[in-house]
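> Sequence below, structure please.
(one chain, ligands or ions: 1)
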Amino acid sequence: MTKVLLVDDEEAFVATLGKRLRKRGLLCEEAHSGADALSRLESVRGIDVVVLDVKMPEMDGLEALKEVKRLHPIVEVIMLTGHATIESAIEGMKFGAFDYLMKPCDIEDLVAKVGEAAQRKADHEERIMQARLREITERGRG
Ligand SMILES: [Mg+2]
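Residues are numbered from 1 along each chain as shown. Predicted coordinates:
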């Protein structure tokens, strides 16, 4: 089951979106700032995908993205942006964001994008596991 962390400073937006994503079978955690998101990632195990608002006070989405990818490189991040911050969302792609969606985003588009991101994380984890197994085998051969 895919576990999503929704991060947006608009609390009502997070609550509504969380409800809609849960209805579609996703596990959802909620955060209302970049700092909140980072502490959630520490305390909640197994978050696969972060859905991250670009425009937030204090730590903005781009800064939060950089920290998420630095501390949790395997976690995938989808940026949510308005027209005014689209440059930051595109910049986010350079810093490892999986993709971005324009607000207000269609719920089906978001669910599909989360699914793709979770699949990429699963593939990535699989490749890491195989690399570890290969390393163990090679070490065994001395
Ligand atoms: Mg915002």
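> What are the boundaries of the helices in the protein?
11-23, 34-43, 61-71, 86-94, 107-141 (DSSP state H).
> could those be laid out in JSON lines, adding mean neighbour count?
In this view, the C-beta of every residue, glycine as well, is placed from N, C-alpha and C. Formatted as JSON lines, the helices of the chain follow (neighbours: other C-beta atoms under 10 Å):
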{"stretch": "helix 11-23", "mean neighbour count": "14"}
{"stretch": "helix 34-43", "mean neighbour count": "17"}
{"stretch": "helix 61-71", "mean neighbour count": "20"}
{"stretch": "helix 86-94", "mean neighbour count": "16"}
{"stretch": "helix 107-141", "mean neighbour count": "12"}
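> Which positions in the protein make contact with the ion?
Counting by C-beta under 5 Å from the ion, the chain comes close to the ion at 9, 53, 55-56.
> please redo it, this time with the cut-off set to 6 Å
Residues of the chain found near the ion (C-beta under 6 Å from the ion) are 8-10, 53, 55-56.
> Could you identify the buried members of the residues you listed?
Among the residues of the chain next to the ion, the ones that count as buried by 16 or more other C-beta atoms under 10 Å are 8-9, 53, 55-56.
> Narrow these to those in strands?
The subset of these located in strands under the criterion DSSP state E comprises residue 53.
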